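Participant: Sequence first, predicted coordinates after that:
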Amino acid sequence: MGATATVRKSDFIDAMEENQKDVRKMVMDSYHDIEKGKRIDYKELFAELESRYRNESVAIISGK
């Protein structure tokens, strides 16, 4: 059988809150880039954010 991991609820909540902070920072960084005229392709913006968020959630689940 596979190994099981035990995660305390408080550790999980802390990781989720940290992830939310990171996502909000990425959104605001991208928003400021748009204001400066650095990025105008919204499809590219949201694809990048989705990619970062997806990778971030995997890191939390895997414990990295």
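Facilitator: Arrived safely, thanks for sending. All values derive from a computational prediction rather than experimental measurement.
Participant: hey, let's count contacts and neighbours off CA atoms from now on
Facilitator: OK.
Participant: residue contacts, the residue positioned nearest the centre of the chain?
Facilitator: Nearest to the mean C-alpha position of the chain, counting by Cα atoms, centre = their mean, stands residue 53 at 3.2 Å. By Cα atoms under 8 Å, 6 or more residues apart in numbering, the contact set of residue 53 is residue 23.
Participant: Residue 28: neighbouring residues, count only.
Facilitator: By the criterion of other Cα atoms under 10 Å, residue 28 has 12 neighbours.
Participant: Then residue 49?
Facilitator: In terms of burial, residue 49 registers 16 neighbours under the definition other Cα under 10 Å.
Participant: so it touches residue 27, yeah?
Facilitator: Yes. Contact criterion Cα atoms under 8 Å: residue 49 and residue 27 qualify, at 7.3 Å.
Participant: picking that back up, gap between the residue nearest to the centre of the chain and residue 8?
Facilitator: From residue 53 over to residue 8 the distance is 22 Å, taken as Cα to Cα, to the nearest Å.
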